[in-house]
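Chemist: model the structure of this input:
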Amino acid sequence: MLRVGKQSQLPPIDKVSFKLNVEPDDYQEIAGSFDDPADVAWVKRELKDGNEWAWCSVEVRAEWWNRKTGKTYSGVAYLGGCSYESEASFKQPGGYYDDMKKEAYDDLVSNIEDDNYEDEGGYEEENG
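Modeler: As a prediction, the model looks like this:
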């Protein structure tokens, strides 16, 4: 297993860039996602007023460029059925954004480890 840090090939999380992408979620799912009709009305009103965060799917992408190899690695995390007042409210500390950054980072690390394993011929030996 590869270690994270200065002596390893894996970047610490603070050296990884994170990108956030928001897309509309399935409009038909709104009513079935809330118990309170007032919440449904709020989401529909916010969407009508242009608030894309009122009902959306979110992707968090972790990216890291390895200077030694010139390769760019990424990892992703997805969450649907999100309803927020704004991007700022989604990013509040201790919420889903922090969880998704960790999940995307873990996916990035897994992709780096998989690539290193392939470079060492691991898959060929197992399949050969």
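Chemist: going by C-alpha atoms from here, please, whenever you check contacts or count neighbours.
Modeler: OK.
Chemist: doesn't residue 59 make contact with residue 75?
Modeler: No. With contact defined as Cα atoms under 8 Å, residue 75 does not reach residue 59; the gap is 10.3 Å.
Chemist: which parts of this protein are helices?
Modeler: Assigned helices in the chain, in chain order: 37-48, 87-90, 96-119, 122-127 (criterion: DSSP state H).
Chemist: ranking those by mean pLDDT, which is last?
Modeler: Mean pLDDT per stretch puts helix 122-127 lowest among the helices of the chain, at a mean of 40.
Chemist: measure residue 14 to residue 105 for me?
Modeler: 10 Å (Cα to Cα, to the nearest Å).
Chemist: so which of the two has more stuff around it?
Modeler: Neighbour count, other Cα atoms under 10 Å: between residue 14 and residue 105, residue 105 has more, with 27 against 7.
Chemist: one step back: as CSV, the helices of the chain with distance to residue 80 would be great.
Modeler: Listed next are the helices of the chain as CSV, based on distance: least, Cα to Cα, whole Å:
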stretch, distance to residue 80
helix 37-48, 14
helix 87-90, 13
helix 96-119, 11
helix 122-127, 34
